[in-house]
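Undergrad: this one's structure only:
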C-alpha cells in the first residue's frame with residue numbers, strides 16, 4: 001500500500017512539490033519499512049541488533065496489510081518459532097511512532113499476559129529509541145507505564161487476559177490482537193466467543209480514517225475444534241509459494257499427504273526422506289521433479305510470494321498460513337525430519353508436531369469422517385427391503401420431547417450393514433399415541449431379497465433410549481416384545497454392558513425379574529463406527545467383497561449425513577486428569593445416537609460373534625417360504641443373546 005502523502009506528492013505540479021519539500025514533513029513509511037529502520041532487538045536474543053526481514057521475508061506482506069484501513073480481520077495460522085508474535089509487535093511499534101491509536105493485546109491467561117508484557121512488550125519499547133522516548137519511565141509518578149498499560153502521545157497499549165469478559169467491555173479499541181487464539185475459551189463467561197466480542201466493540205471505527213483491525217494469531221490445535229483454522233477457512237486463504245531453483249515453477253511446501261489440509265489442486269513440493277536417515281531429506285518440485293536441498297531454501301524463501309486460494313475474499317481481510325518448513329530462524333528440514341521420526345512413537349508428541357511445526361490441525365483417529373464424502377458415496381437401493389447379504393434387522397430409537405425417531409439397520413456376515421429406513425413420529429412421548437407407531441413397527445414385515453417371494457422378516461431387536469423420560473420408557477418396554485431400554489455411558493469400554501435392574505419393591509429392593517436397561521458404550525460404538533465409515537470403498541466389490549463393518553447408506557438427505565458426522569473426540573481435563581470423549585460439533589446428532597443404539601441392539605444378539613455357518617443358517621431360515629396362513633416366524637430365532645450358546649437352526 002502506497003503511503004497517502006507519497007501518493008499525493010506524485011500528483012502535484014513541480015513548483016508545489018518543491019515548496020513541500022522545504023517543509024518539515026515526517027517521512028511516511030510502511031510498517032515493514034519502519035521496522036527495518038527503527039526496531040532494535042536487544043542483546044541476549046538469537047539475532048540482536050536492527051530487525052531484518054532478510055530472516056523473515058514472509059512476514060513483510062502480512063505486517064504491511066495490518067495498516068490498510070479497508071482490511072478488518074487478519075488471520076495468521078502460523079507454526080511456532082516463525083516470528084509471528086514479534087511481527088505483530090513490530091506493527092504495534094509502528095503505530096506508536098507513526099500512526100498513534102489505541103491497541104488492545106489479549107493473551108489466553110493472566111499469567112501469559114504478564115509474562116509476555118514483561119518479555120516482549122517492554123523490550124519492544126525499551127530497545128527501540130524512537131519508542132522509548134514516547135513512554136514515561138516505569139516507576140515515575142503517573143507514568144502510565146505499568147505491565148498492563150503503556151500510554152504514549154495519541155494512544156496507549158493495554159495488555160489483558162482473554163479469559164474474562166471485562167477485557168472485552170473496556171473502551172472501544174480500533175486495534176485488537178488476540179495471540180494464541182486456540183487457547184482462548186470458546187465462550188467467555190457465557191457472553192460469546194472472543195472474536196465476536198472484540199469485533200462488536202470496534203464497530204465505531206469501521207468507517208474512520210484508521211479503520212478497525214482485528215489480528216488473530218495462533219498455531220492450530222485439533223481438527224474441527226481449532227478457532228484459528230475456522231477463521232482461516234473463512235478468509236482468502238493465502239499460502240506462501242516458493243520458486244523452484246531449477247524451473248522457476250511456484251509451489252507450496254508440504255511435509256506429508258496425511259498431515260495437510262492443502263487442496264490437491266495447489267502445486268505442492270513434498271518433503272521426502274528415509275526415516276533411518278533424516279539427512280536425506282529433500283523437497284520435490286511438482287513441476288520438474290527437481291530434488292531441492294536445504295541449502296537452496298534461503299533464496300527460495302526470500303523470493304517467495306503470498307497467493308490467495310480465494311482472491312474474491314481479499315477485499316475485506318487476509319488469511320495467512322505458514323509452516324515451520326519455511327523458517328530461516330529455527331529448525332532445518334533435517335531437524336524437522338528428526339522430530340517427525342521421534343514424534344511418531346507417541347501420540348501427544350505427534351499432535352504437537354502437527355500443530356506447532358506443520359501449523360495444521362491434528363485429526364484424531366476417533367473423529368468423524370467428512371459428511372460430504374459420505375453423501376457423495378451414498379448408494380441407490382430400495383427402502384424397507386432387506387438386501388441379499390443381510391439377514392437380521394435391528395432398530396435404534398431416540399426419544400425426544402416432541403417426537404420419537406427410529407433408524408432401521410440390516411446386518412449381514414462380518415457386521416456389514418445397510419440403512420433400511422429412518423422414521424420420525426411426532427408426538428408427546430408421555431402419551432400413548434406416539435408409542436402406537438413403535439408397536440406397529442415391531443409387527444411390520446419386510447421383504448427380503450434373495451429368497452422366496454413370500455419371505456418376510458421383522459425387527460429382531462429394538463433398542464430404545466431411556467436417557468429422556470426414563471420411567472416412561474421402562475414402562476413401555478415391559479409391554480413391547482423384542483424391545484429393550486438402553487442408556488448411553490461414554491466411559492464403558494464395551495459396546496454393551498450388563499443389564500441393570502430398575503424396578504424396586506416397596507422396601508426399596510430391586511425386583512429380580514423387573515424392568516431392566518442395558519448400558520451402551522457410546523464412545524466405543526462411535527470409535528468403531530467412525531473407523532468403519534472412514535475407509536475407502538473397494539475398487540472391485542463384486543470380486544473383493546466389502547471389508548468388515550462396511551456401512552451402506554441409501555439416498556438419505558444431506559441432514560442425515562450431517563447428523564451422522566456430528567461429533568468429534570475432544571480433550572477434557574478434570575481433577576488433574578486428561579480424558580478424551582466425544583463432543584458435538586453440530587446442534588443435532590439424532591442419527592448418530594440412533595445408529596449407536598441399533599449397534600447396541602445388534603450386540604445384545606451377539607451378531608459380531610456369529611460364525612459363517614450361523615449366518616448361512618439364519619439366511620436360509622428368513623428366506624424360506626411362508627406356510628399357508630401363517631405369519632412369518634420371529635426373525636432371529638436362531639440369534640443368541642449375549643453370553644448364551646447359539647441355538648443351531650433346525
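TA: Nice, I can see it. Quick caveat: nothing in here was measured; it's all calculated off a predicted structure.
Undergrad: how close does the nearest residue to residue 316 once chain neighbours are set aside sit to residue 404?
TA: Of all residues not flanking residue 316 in the chain, residue 72 sits nearest, at 6.1 Å (CB to CB, 6 or more residues apart in numbering). For glycine as for every other residue, the C-beta is placed from the backbone atoms N, C-alpha and C. Residue 72 is 47 Å from residue 404, where distance means CB to CB, to the nearest Å.
Undergrad: out of the two, which sits in the more crowded spot?
TA: residue 404 (22 against 17; other CB atoms under 10 Å).
Undergrad: so which elements touch the helix or strand encompassing that one?
TA: Following DSSP states H and E, one finds residue 404 within strand 403-411. For strand 403-411, the elements it packs on are strand 392-399, strand 417-426, helix 432-443, helix 590-604, judged by 3 or more CB pairs under 8 Å, 6 or more residues apart in numbering; DSSP states H and E.
Undergrad: okay, these in CSV with mean neighbour count next?
TA: Listed next are those as CSV, based on neighbours: other CB atoms under 10 Å:
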stretch, mean neighbour count
strand 392-399, 26
strand 417-426, 19
helix 432-443, 15
helix 590-604, 26
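Undergrad: among these, which comes closest to residue 111?
TA: helix 590-604 (38.4 Å; CB to CB).
Undergrad: what's that closest one packed up against?
TA: Using 3+ CB pairs under 8 Å, 6+ apart, helix 590-604 sits against strand 392-399, strand 403-411, strand 459-465, strand 483-488, strand 516-520, helix 522-533, helix 558-564.
Undergrad: look at residue 164 and report its pLDDT.
TA: If you check residue 164, the pLDDT there is 86.
Undergrad: isn't it up against residue 190?
TA: No - look at residue 164 against residue 190 with CB atoms under 8 Å: they stay out of range, at 11.6 Å.
Undergrad: looking at the two, which is more packed in?
TA: residue 164 (14 against 6).
Undergrad: helix or strand: which one has residue 97?
TA: Secondary structure (DSSP H and E) places residue 97 in helix 84-98.
Undergrad: residues contacting that helix, please?
TA: Applying CB atoms under 8 Å, 6 or more residues apart in numbering, the external contacts of helix 84-98 come out as 26, 28-29, 31-32, 34-35, 38-39, 51, 56, 59, 62-63, 66-67, 76, 78, 101, 103, 105, 116, 120-121, 124-125, 128, 130-131, 134, 152, 155, 157, 175, 177, 179, 215, 217.
Undergrad: which other helices and strands contact the next helix or strand after that helix?
TA: Next along the chain after helix 84-98, taking DSSP H and E as the criterion, comes strand 102-107. Packed against strand 102-107 by the contact rule (3+ CB pairs under 8 Å, 6+ apart) you find helix 84-98, helix 110-116, strand 155-161, strand 175-179, helix 194-200.
Undergrad: quick one: low-confidence residue ranges for the chain.
TA: 1-27, 139-143, 364-367, 504-514, 571-578, 626-650 (pLDDT under 70).
Undergrad: quick one, phi/psi of the spatially most central residue of it?
TA: For the chain, the residue sitting closest to the mean C-alpha position, by CA atoms, centre = their mean, is residue 224 at 1.0 Å. Residue 224 has phi and psi values of phi 70, psi 0 when expressed as degrees, to the nearest 10.
Undergrad: on that earlier part again, with distance to residue 240 as extra columns, can I get the helices and strands packed on strand 403-411 in a markdown table?
TA: Listed next are the helices and strands packed on strand 403-411 as a markdown table, based on distance: least, CB to CB, whole Å:
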| stretch | distance to residue 240 |
| --- | --- |
| strand 392-399 | 47 |
| strand 417-426 | 44 |
| helix 432-443 | 58 |
| helix 590-604 | 38 |
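Undergrad: right, and residue 219 touches residue 359 too?
TA: Yes - in this structure residue 219 lies within contact range of residue 359 using CB under 8 Å: 6.0 Å.
Undergrad: overlap of the contact sets of those two?
TA: Joint contacts of residue 219 and residue 359 (CB under 8 Å, 6+ apart) are 77, 78, 79.
Undergrad: quick one: which of those residues is nearest residue 205?
TA: Closest to residue 205, out of all of these and judged by CB to CB, is residue 77, at 24.9 Å.
Undergrad: sheet-wise, list the partners of the strand holding residue 404 with their directions.
TA: Counting by DSSP bridges, the strands paired with strand 403-411 are strand 392-399 (antiparallel), strand 417-426 (antiparallel).
Undergrad: for it, list every residue counted as buried.
TA: 404, 405, 406, 407, 408, 409, 410, 411 (16 or more other CB atoms under 10 Å).
Undergrad: what sits against the second one?
TA: Spelled out, that is residue 405. 397, 398, 422, 423, 424, 425, 590, 594.
Undergrad: and the fifth one, by the same measure?
TA: For residue 408, the contacting residues are 384, 393, 394, 395, 419, 420, 421, 422, 423, 459, 598, by CB under 8 Å, 6+ apart.
Undergrad: which residues touch the residue nearest to residue 316?
TA: Contacts of residue 72 (CB under 8 Å, 6+ apart): 199, 202, 206, 211, 212, 213, 214, 316, 317.
Undergrad: returning to what we had before: got CSV for the helices and strands packed on strand 102-107, with mean neighbour count and distance to residue 307 too?
TA: Below are the helices and strands packed on strand 102-107 laid out as CSV (neighbours: other CB atoms under 10 Å; distance: least, CB to CB, whole Å):
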stretch, mean neighbour count, distance to residue 307
helix 84-98, 23, 19
helix 110-116, 16, 32
strand 155-161, 20, 33
strand 175-179, 25, 25
helix 194-200, 18, 25
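Undergrad: could I get the contacts of residue 408 in JSON lines, plus columns for distance to residue 261?
TA: Below are those laid out as JSON lines (distance: CB to CB, whole Å):
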{"residue": "384", "distance to residue 261": "40"}
{"residue": "393", "distance to residue 261": "40"}
{"residue": "394", "distance to residue 261": "37"}
{"residue": "395", "distance to residue 261": "38"}
{"residue": "419", "distance to residue 261": "29"}
{"residue": "420", "distance to residue 261": "35"}
{"residue": "421", "distance to residue 261": "36"}
{"residue": "422", "distance to residue 261": "32"}
{"residue": "423", "distance to residue 261": "37"}
{"residue": "459", "distance to residue 261": "42"}
{"residue": "598", "distance to residue 261": "33"}
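Undergrad: residue 347: which of those residues is nearest?
TA: Checking the contacts of residue 408 against residue 347 by CB to CB gives residue 598 as the nearest, at 30.4 Å.
Undergrad: tell me, how many residues neighbour the residue nearest to residue 114 when sequence neighbours are not counted?
TA: Nearest residue to residue 114 in three dimensions, chain neighbours excluded: residue 147, at 5.9 Å (CB to CB, 6+ apart). Residue 147 has 15 neighbours, counted by other CB under 10 Å.
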